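next come a sequence and a model predicted from it.
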Amino acid sequence: MQTIIGAVLLVSFFAFIYYAARGGNMLLGLFCMAMLWSALGAIGGVVNWETVNKTVIQGGPEGFGPTAVNIMFGSWFGRVLIETGIARTIIRKAVELGGDKPSLTTVLLCIVVACIFTTAYGAGAVVAIGVIVFPIMLSLGVSKPLATGSFVMAVSAGLYFNSSLLSQAAGTMVINDQKYDFANPTWYTFAGIAMALQLLFTIILVIVQINRERKVQAWAAQEVDLNPELKNVNFLACLTPVLPVFFAIVFKLSSIAAIVVSVAWALITTGNFRRWNDIGSLIEKTFHDGTSDVGLVLAFLLFMQMFAKAAGACKDLLAPIVSPILPENLFLLFLVFGILGILALFRGPLTIWGAGTATFAIIASTGLYPLSILYPLFYIPCVAINTSICPTQSWVSWAIGYNKVSIKDHLKRVLPYSLVLVFVLEIIAYFIFAA
């Protein structure tokens, strides 16, 4: 009987993959999957009403609370960078440095964007930066598909260090109530390599496509309107985007403490730390806007926790079926994920921001692999594919719509680069985390 129920769970898993790929509402989909797997677990004798009531429906979202707080603080920090003029100043300096060299200026903008999003987070922050960067790129003569693709890839290049997204992934990939602690030297070593490689692939994309299109026009920095009424902030303020990562690595500060100290630094160095009421107003506004930016993301993740708990409760039904078909050789496991990276597109089975939630739950239920292996294994396609180029990702969808680019043209430009990138990163991850 339990074998039959396990088979039905797997059938529903593939149905969920199809539903996610077709653009189904993920909040409702995850809730329905949580209830379905709870019901099937009850039939299989591994789930009771107490489990559904207190562990799945109540415990799932409640257990995600600490992670949700980290996400909100990261989004708040992004809004502080924008409101204080720090982000705009850094972008303006990159434009001035690039001068009338389109390739150089675009590359510098991508590097700046990547650095900003090592700490800033949220669709709102991406949009706020995008509306500054895109007019510059387009005035250079860069095509809209290239501007779109290079920008979103640059955003995601910083996410290997971003504590908000790392916390989000850690809160999703839980085994026996244990979360992966990404604040360790091994992860930061990999994050540095991954960020550098994704930036390298983005730079190659820019140079190859600009040379291929041969439509770039001469351009001068002063012709682009970066709102001259807003003054540049000083050099010390421009260090703010990298400070949370610096404080976390060097001084071992927690992610929230690092953000709070960095916000104080931003307010002091930009001259916003003078009047108590003004400080309060700025903090209230940025925290409100930052929280609003990630509201739907948090809702999605809270419903995801219900399904994760239901899947965990059903592990005894899944393990006997799945374990025999999973490779014991870890190199083969990383290799398979690298080759099949395209399955992270459209909320597919290799992204934990979609059907990959079920994939993780099924693989984790076997007990074959520790969390230190599964975390990088799943995080790579989520960033290199899903948050970088996937049209179902909120900020990618916005960028495509803002520049009026077809999904076909967008993927045609960036997908080949991302597929090679995810393969290379999975192989590197094997040697760092598993060899």
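Happy to help now that I have it. This is a predicted model, so every value here is computed, not measured.

where does the stretch 51-200 of the chain have low pLDDT?
99-100 (pLDDT under 70).

kindly recompute the last result at 80.
64, 67, 95-101, 122-124, 177 (pLDDT under 80).

tell me where it has helices.
60-63, 65-83, 86-98, 102-116, 123-139, 144-157, 163-172, 185-213 (DSSP state H, counting those that start in this stretch).

same check on the stretch 301-435 of the chain?
315-322, 330-339, 356-365, 371-381, 388-389, 394-402, 407-429.

would you mind finding the most buried of these?
Neighbour counts (mean count of other CB atoms under 10 Å) averaged over each of the helices of the stretch 301-435 of the chain peak at helix 388-389, with a mean of 28. For every residue, glycine as well, the C-beta is placed using N, CA and C.

which residues does that helix contact?
149, 152-153, 155-156, 198, 345, 396, 410-411, 414-415, 418 (CB atoms under 8 Å, 6 or more residues apart in numbering).

what do you get if the cut-off is 10 Å, keeping everything else the same?
148-149, 152-157, 159, 198, 201-202, 344-345, 381-382, 396, 400, 410-411, 413-415, 417-419, 421-422 (CB atoms under 10 Å, 6 or more residues apart in numbering).

one more: stretch 331-338?
326-327, 329, 343-344, 350, 363, 368-369, 373-374, 376-378, 380-381, 384, 419-431, 433-435.

quick one: pLDDT of residue 347?
Looking at residue 347, its pLDDT reads 76.

number of residues surrounding residue 62?
11 (other CB atoms under 10 Å).

kindly report the same for the one 3 residues further on.
Each residue near residue 65 was counted by other CB under 10 Å, and the total is 11.

list the contacts for it?
With CB under 10 Å, 6+ apart, residue 65 has these contacts: 171, 302, 305.

would you mind measuring the gap between the ends of stretch 359-370?
15 Å (CA to CA, to the nearest Å).

how many residues are close by the residue nearest to residue 107 when sequence neighbours are not counted?
Of all residues not flanking residue 107 in the chain, residue 203 sits nearest, at 5.2 Å (CB to CB, 6 or more residues apart in numbering). Residue 203 has 18 neighbours, counted by other CB under 10 Å.

so residue 203 sits right up against residue 154, yeah?
Yes - the pair residue 203 / residue 154 is scored as a contact, 9.4 Å apart, by CB atoms under 10 Å.

quick revisit: residue 238: which of the helices of the stretch 301-435 of the chain is closest?
helix 394-402 (23.2 Å; CB to CB).

list the helices and strands that closest one packs on?
Here helix 394-402 touches helix 123-139, helix 144-157, helix 295-313, helix 388-389, helix 407-429, going by 3 or more CB pairs under 10 Å, 6 or more residues apart in numbering; DSSP states H and E.

how about those helices, which one is nearest residue 233?
helix 123-139 (14.5 Å).

follow-up on the earlier one: common neighbours of residue 203 and residue 154, please.
With CB under 10 Å, 6+ apart as the test, residue 203 and residue 154 both reach 106, 107, 110, 111.
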